[in-house]
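Enquirer: Got a predicted structure here, sequence first:
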Amino acid sequence: MNAKLFSPISFRELEIKNRIVMSPMCMYSSESEDGTVHPFHITHYESRAAGQAGLIMVEATAVQKHGRISSKDLGIWDESHVEGLKKISDRIHAHGSKSSIQLAHAGRKAEDEEVIYSASPIAFSDAYKTPEEMTKQDITETIEAFKSGAERAKKAGFDIIEIHAAHGYLINQFLSPLTNERKDDYGGSKENRYKFLYEIIEAVKKAWDGPVFVRISADEYNPHGNSDKEFVYFAHEMKKQGIDLIDCSTGGVVPAKISSYPGYQIPKAEMIKSQASIPTGAVGMIQSGIQAEEILQNERADLIFIARALLRNPYWAKYAADELKQDIEAPKQYVRGWM
């Protein structure tokens, strides 16, 4: 039987050769602290493409300088970033994989800025600074920064953009009632809390005509946070806007004790897929090909996002193929070792 994990999938006109995605993972390795790409980044991403993951997603990349998580984050807020990002995308394409980049803003979780911003002036914890509540002008400038980031992603040759609306970063801070206490039309009801993401998606679409994914935290691990019903509402709205896939992670909005185990986030991807009728990505301690295949065969998700397992083994796709008794094409340089 042909494993679904190694079947192609298309989003609009783009075909991805298999369902394995390198999940975006911050590397904190921009040594010059100006957001630029360094040799490590190229090696890091190219090696996973050589390992035959179908889609390689570059880590959270800041659309504004003050929106970095740390001073070592990659950036896309300036034209000077395009050259290095294009080198990454080109090396991914050299191995037949598709390239993606996650556009992000840390909001109140920016650790190195004197002044940080959020939906409301609520600190993440006692260890973090209290953010300033964003003005309407701040919001407008940030939306424009996401659009400019999309324009630069296009120049850099990426195939897919993912908007980072998860893990308690800025967009998530607007979506969640735990972090959004605004009294204007960006706060209060779920419809208002969605407005910031809605406007970012619309702005990105003006600059970008390829597939767009959105990562969300589909569980806030707090009884006063967004419920499943609200996440399904957000998913329906994203579908109406033309979003191609929702990447379903969890947590990070407020400090929480999370019981994690292999596949612990999969039910959220399954819920969004079935109730909103939109493709989803499954992520969270997916460790084996058999586990990944079960998710796909039972239509619980459409893509498998691999994170830590790909840090341990850049050739995880080969490991999964062997486990599922599938033949996959080896990089020509490695054929002798893959037989």
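Expert: That came through fine. Residues are numbered from 1 along each chain as shown.
Enquirer: just checking, next helix/strand downstream of the lengthiest helix in the chain?
Expert: Secondary structure assigned by DSSP state H gives helix 136-155 as the longest helix of the chain. Next helix or strand after helix 136-155 toward the C-terminus (DSSP states H and E): strand 160-165.
Enquirer: What average pLDDT does the longest helix of the chain get?
Expert: Averaged across helix 136-155, pLDDT comes to 98.
Enquirer: start the count at 182, not 1, going forward
Expert: Renumbered: residue one is now 182, and that last one reads helix 317-336.
Enquirer: tell me which strands and helices it is in contact with?
Expert: helix 263-274, strand 279-285, strand 341-346, helix 371-388 (3 or more CB pairs under 8 Å, 6 or more residues apart in numbering; DSSP states H and E). No exception for glycine: its C-beta is placed from N, CA and C like everyone else's.
Enquirer: Run a quick neighbour tally on Lys371.
Expert: 16 (other CB atoms under 10 Å).
Enquirer: so what's it up against?
Expert: Asn407, Glu411, Tyr414, Phe415 (CB atoms under 8 Å, 6 or more residues apart in numbering).
Enquirer: helices and strands around the helix or strand containing the last one, which ones?
Expert: Assigning secondary structure by DSSP H and E places Phe415 in helix 409-421. Contact analysis of helix 409-421 by 3+ CB pairs under 8 Å, 6+ apart lists helix 371-388, strand 393-398, helix 447-457 as its packing neighbours.
Enquirer: could the ones you listed be laid out in CSV, adding mean pLDDT and distance to Met206?
Expert: Shown next, in CSV, are these (pLDDT from 0 to 100; distance: least, CB to CB, whole Å):
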stretch, mean pLDDT, distance to Met206
helix 371-388, 98, 22
strand 393-398, 98, 12
helix 447-457, 98, 18
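Enquirer: could I get these as TSV with distance to Gln507?
Expert: Shown next, in TSV, are the helices and strands packed on helix 409-421 (distance: least, CB to CB, whole Å):
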stretch	distance to Gln507
helix 371-388	36
strand 393-398	25
helix 447-457	22
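Enquirer: centre of the chain versus stretch 218-231, how much separation?
Expert: Relative to its chain's centre, stretch 218-231 lies at 18 Å (CA atoms, centre = their mean, to the nearest Å).
Enquirer: and Ser299, which of the helices and strands packed on helix 317-336 is closest to it?
Expert: Nearest to Ser299 among the helices and strands packed on helix 317-336 is helix 371-388 (11.2 Å), distances taken as CB to CB.
Enquirer: what comes up buried for that closest one?
Expert: Across helix 371-388, burial judged by 16 or more other CB atoms under 10 Å covers 371, 373-382, 384-386, 388.
Enquirer: Make JSON lines out of the helices and strands packed on helix 317-336 and add distance to Lys317.
Expert: Formatted as JSON lines, those follow (distance: least, CB to CB, whole Å):
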{"stretch": "helix 263-274", "distance to Lys317": "30"}
{"stretch": "strand 279-285", "distance to Lys317": "21"}
{"stretch": "strand 341-346", "distance to Lys317": "20"}
{"stretch": "helix 371-388", "distance to Lys317": "11"}
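Enquirer: List just the one of the ones you listed that sits closest to Phe187.
Expert: Counting by CB to CB, and looking across all of these, nearest comes strand 279-285 at 14.9 Å.
Enquirer: neighbouring contacts of the closest one?
Expert: With CB under 8 Å, 6+ apart as the criterion, strand 279-285 contacts 195, 197-198, 202, 205, 235-244, 248, 257, 266, 269-270, 273-274, 327, 330-331, 334, 337-345, 350-351, 385, 394, 396.
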